[in-house]
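Asker: Here's my sequence, what's the structure:
(2 chains)
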Protein chains: 2
Amino acid sequence: MPDPNPVEAFLSANQQRFQDELFELIRIPSVSTLPEHAPDLCRAADFVASKLRDAGMENVEVIPTDKHPLIYADWLHAPGAPTVLCYGHYDVQPAEPLEEWASPPFEPTVRDGSVYARGSADDKGQLYIHIKAVEALHEVHGALPINVKFLIEGEEEVGGESISAYLLDNHEKLKADVALISDTSMYAPGLPSLDIGLRGMIYQEWEATGPAQDLHSGMYGGAAPNAVFGLVELLAKCKSADGVCQIPGFYDDVEPPAPAEKESWERLPFDESEYLNSEVGSSQLTGEPGYSVMERTWARPTFEVHGIGGGFTGPGAKTVIPAKAVAKVSMRLVPNQDPEKLLASINRFVADNTPKGISVKVRGMNASPASMVSPENPFIQKAAAALTETFGTQTVFTRCGGSIPIVGEFSEELGIPTVLMGFGLPDDSLHGPNEKFSLENFQMGIRTVVRFLESLAPA
Amino acid sequence: MPDPNPVEAFLSANQQRFQDELFELIRIPSVSTLPEHAPDLCRAADFVASKLRDAGMENVEVIPTDKHPLIYADWLHAPGAPTVLCYGHYDVQPAEPLEEWASPPFEPTVRDGSVYARGSADDKGQLYIHIKAVEALHEVHGALPINVKFLIEGEEEVGGESISAYLLDNHEKLKADVALISDTSMYAPGLPSLDIGLRGMIYQEWEATGPAQDLHSGMYGGAAPNAVFGLVELLAKCKSADGVCQIPGFYDDVEPPAPAEKESWERLPFDESEYLNSEVGSSQLTGEPGYSVMERTWARPTFEVHGIGGGFTGPGAKTVIPAKAVAKVSMRLVPNQDPEKLLASINRFVADNTPKGISVKVRGMNASPASMVSPENPFIQKAAAALTETFGTQTVFTRCGGSIPIVGEFSEELGIPTVLMGFGLPDDSLHGPNEKFSLENFQMGIRTVVRFLESLAPA
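Answerer: Predicted coordinates:
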């Protein structure tokens, strides 16, 4: 008697190999923000391309760009069936601060059923789910139930300029009915979720200059402007003690979530003290008064400082009045906020609030709007069904406070919705030390994507 | 016919050798704030000790301490004559930021009559003046006109703990009538000055902690406290936009300068726009309204941030909510302010103003009061005469905005006044890049110290 589900049999038989291959990909330190890692980005791109070929994908291309290569592949032999465009990114965030990792960031280490490594969840583990799902279908059936295209980038963590340019020039080549992205998290372990909203983002570097060079604070302290303090003063004016952004007009166009959506969030399993103690780990939470944590992180825009540096920070004491200071800041945007309009407000605010004797240069690093898709969209419905069936639990609709600019671009350039089917977990420590990815979710993810692709085949 | 001034003849004949020796001392990167330079500190101490021996000093000791060695030496064969205790420090500030130096910081380079190098003015060039003055007198006369002791340290830039402890235990050995320190600046080129007042200093490190580890700002932005922003908020509260410190009681005990002293400052050659453009190099000056630049930098206490660091500051964009941030801060103190009383106010202020969700640890690094000496003091009068004679211009009495804690300790522990006879210039860029020292002042300084020591001999 043949196996009642040959794809499942194939997946079970190859579970260990899939994991070994993923670990190989994770070992490549493809940190896109650091120029010295450029060769690693190329190695990671080549690895992904070769695995796409092994999975039966055709026309596999590693496309050079100004920065890091794109990878394109397709399999288009299902006439009449829809086309899914699978997106992922093989680049990762820097691993610093290294001393806070329990195991080396680029040596995948399994603890308690999860693999700990930079990029394990964001996004290598998740992009690899797509590749292995396609491989399983192709190996078992010799064909795919629908048409599939892959477009994978190496600049997601640095603004994604190359893929944006490529999208603009390749509407026909990339034509599809829906995009599939696995680069987000499930709401809770075992609770399948579809993110139907993402925040947008403005990311900038603010550089303050005071005296022409560092000065001795004994000689000049009291009369010379201090670039670090000037930047501190400016940044402090950006938010009230309550966490309300003070940039004029910042909240003007914010579209609140629909009442039904807001109500559904209240039914999600959420334990604020668990969130505070196990995830955040501070003495208390902060943020705008009058909004729940869900609203603050999913439906409200934020102003955040990601890093600051200036003056003397080595061991010991040095008494300089610093000439320069730099901060990295971002604003997360929600539906209906226009990045261009906000950029103008920010520039005005900085000009109006720069302390005397200081000059501040604002360098834009990226700006993208929020994006939303309707829960009634048929692709979303089929994705929800595939998740519900695989995990045995009703899928919930959530939003994600993070930003995936490509989702907005797929909508604008290709006119297609995106299914955000994430298999990460809330405590995966994305971008932080000890990033991890559940190996069970890795295997369940492959099964879910198999089901989703099968469900899109014409009846 | 014998030379009418044999010491002058000796100084002229040895001018180049003195400079070569100084350059040799400067080449030793004796950065006391950086542990990896400890061997360089020992090398610098040995060099200084050997030059003291060459100068005819006796009982030369290199005294080990918990950190960097002290050097003691004496020559005590002038019974009935006063004893001068010469102080200097052979340690230097770090040279960072290296990219802003026009020539390597530890390779003395002569441009326009000045030697450019870290430590050239602060304090190697100036301590070497004392040694060469003593050598000249000893070589020419076979004896000194008065008794001389040297006490030279290697921790001036890191709080000077070892010399403080040594002072406490060696009152008898260090007994003297006056201390001589050359570690300050002349008011202007060619204008000899005596600093009769120094500001004190409290130096601290403030460390802010928010979440237990860096968090993804997409996931947690809006609800999790941000350590960098928390520190920014706290620091911004420390000073008003006018530069007035907001720590309660900060100005309570400030003793204003005497009317005569204040008037004398108004007669000093001071060009505010020259000061702004050539020295400070910012768009405008800052500081407390209602006070002149002289008052702000000499007679008013300050609050300053010397450095700040936290979160991601590398190239590119990283979207973390930082878990930690650190700032180095100092307060310069003026006469009658009590460091202990202020430390308590600072701790209260930090506790009262730390934003919610953040905790801040204050680590004290040093605390010393301001010090003043009367212009009528006989040693000050003789020092002024020696300067006036050498430079051919009336000596002016100034203050120095910097801090030399040892001056307070000489007063408290040994009960002696200090003559602050500085040969630096206002634009020497102490502690900053491109520190320099005038080679003419080096030679004139030696002649002045020779005259001063001669003038102290009993008639």
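
Asker: From now on I want contacts and neighbour counts done on CA atoms only, so please keep to that.
Answerer: Fine.

Asker: Please spell out which residues along the helix or strand harbouring residue A:229 are buried.
Answerer: Using DSSP states H and E, residue A:229 sits in helix A:227-237. Buried positions in helix A:227-237, judged by neighbour count with 16 or more other Cα atoms under 10 Å in any protein chain shown: A:227-237.

Asker: Do a quick rundown of the strands in the stretch 251-400 of chain A.
Answerer: With DSSP state E, counting those that start in this stretch, the ranges of strands along the stretch 251-400 of chain A come out as A:302-311, A:320-321, A:324-333, A:359-368, A:371-372, A:396-400.

Asker: What residues are bridge-paired with residue A:438?
Answerer: As for beta bridges, residue A:438 partners with residue A:114 under DSSP bridges.

Asker: most packed of the strands of the stretch 251-400 of chain A?
Answerer: Each of the strands of the stretch 251-400 of chain A was scored by mean neighbour count; the highest is strand A:320-321, a mean of 30, by mean count of other Cα atoms under 10 Å in any protein chain shown.

Asker: Reformat the strands of the stretch 251-400 of chain A into a markdown table and put mean pLDDT next to each item.
Answerer: Compiled in a markdown table, the strands of the stretch 251-400 of chain A are given as follows (pLDDT from 0 to 100):
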| stretch | mean pLDDT |
| --- | --- |
| strand A:302-311 | 98 |
| strand A:320-321 | 94 |
| strand A:324-333 | 97 |
| strand A:359-368 | 93 |
| strand A:371-372 | 89 |
| strand A:396-400 | 91 |
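
Asker: out of those, nearest to residue A:436?
Answerer: strand A:396-400 (18.3 Å; Cα to Cα).

Asker: ok, the closest one: who's next to it in the sheet?
Answerer: Applying DSSP bridges, strand A:396-400 is found paired with strand A:193-198 (parallel).

Asker: Check the average confidence over the strand it pairs with, would you?
Answerer: Summarised as a single mean, pLDDT over strand A:193-198 is 92.

Asker: for stretch A:6-23, same thing?
Answerer: 97.

Asker: Same check on stretch A:373-385?
Answerer: Stretch A:373-385 comes out at a mean pLDDT of 93.

Asker: so who does the nearest residue in space to residue A:317 that is not next to it in sequence touch?
Answerer: In this structure, residue A:317 finds its nearest non-sequential neighbour in residue B:158, 6.1 Å apart by Cα to Cα, 6 or more residues apart in numbering or on different chains. Taking Cα atoms under 8 Å, 6 or more residues apart in numbering or on different chains, we find residue B:158 in contact with A:316-317, B:32-33.

Asker: ok, which pair from these is furthest apart?
Answerer: A:317 and B:32, at 9.9 Å, using Cα to Cα across the contacts of residue B:158.

Asker: Find the residues that touch each one of those two.
Answerer: Common contact partners of residue A:317 and residue B:32 (Cα under 8 Å, 6+ apart): B:157-158.

Asker: With pLDDT and distance to chain B added, can I get the buried residues of helix A:227-237 in CSV?
Answerer: Formatted as CSV, the buried residues of helix A:227-237 follow (pLDDT from 0 to 100; distance: Cα to the nearest Cα, whole Å):
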residue, pLDDT, distance to chain B
A:227, 98, 9
A:228, 98, 7
A:229, 98, 6
A:230, 98, 9
A:231, 98, 9
A:232, 98, 5
A:233, 98, 5
A:234, 98, 9
A:235, 98, 7
A:236, 98, 5
A:237, 98, 9
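
Asker: Just to check, residue A:171 is in contact with residue A:412?
Answerer: No. With contact defined as Cα atoms under 8 Å, residue A:171 does not count as touching residue A:412 (10.7 Å).

Asker: and stretch A:68-84, how far out from the chain's middle?
Answerer: Once both centres are worked out by Cα atoms, centre = their mean, to the nearest Å, stretch A:68-84 turns out to sit 23 Å from its chain's centre.

Asker: The closest residue to residue A:77 other than its chain neighbours and residue A:205: what is the separation?
Answerer: Distances taken as Cα to Cα, 6+ apart put residue A:147 closest to residue A:77, at 6.4 Å, once the chain neighbours are dropped. According to Cα to Cα, to the nearest Å, residue A:147 and residue A:205 sit 42 Å apart.

Asker: now residue A:88
Answerer: Residue A:88 is 27 Å from residue A:205, by Cα to Cα.

Asker: what does residue A:369 give?
Answerer: To residue A:205, residue A:369 is 19 Å away according to Cα to Cα.

Asker: So out of everything in the stretch 51-200 of chain A, what residue is nearest chain B?
Answerer: Going by Cα to the nearest Cα, chain B is nearest to residue A:158 of the stretch 51-200 of chain A, at 6.0 Å.

Asker: scratch that, the stretch 351-459 of chain A
Answerer: Closest point on the stretch 351-459 of chain A to chain B, by Cα to the nearest Cα, is residue A:402, at 3.5 Å.

Asker: Report pLDDT for that residue.
Answerer: Listed pLDDT for residue A:402 reads 85.

Asker: Where does pLDDT dip in the stretch 101-250 of chain A?
Answerer: Judged against pLDDT under 70, the stretch 101-250 of chain A has no low-scoring part.

Asker: where do the strands sit along it?
Answerer: Under DSSP E, counting those that start in this stretch, the stretch 101-250 of chain A gives strands at A:109-111, A:114-116, A:147-153, A:178-181, A:193-198, A:200-209, A:215-216.
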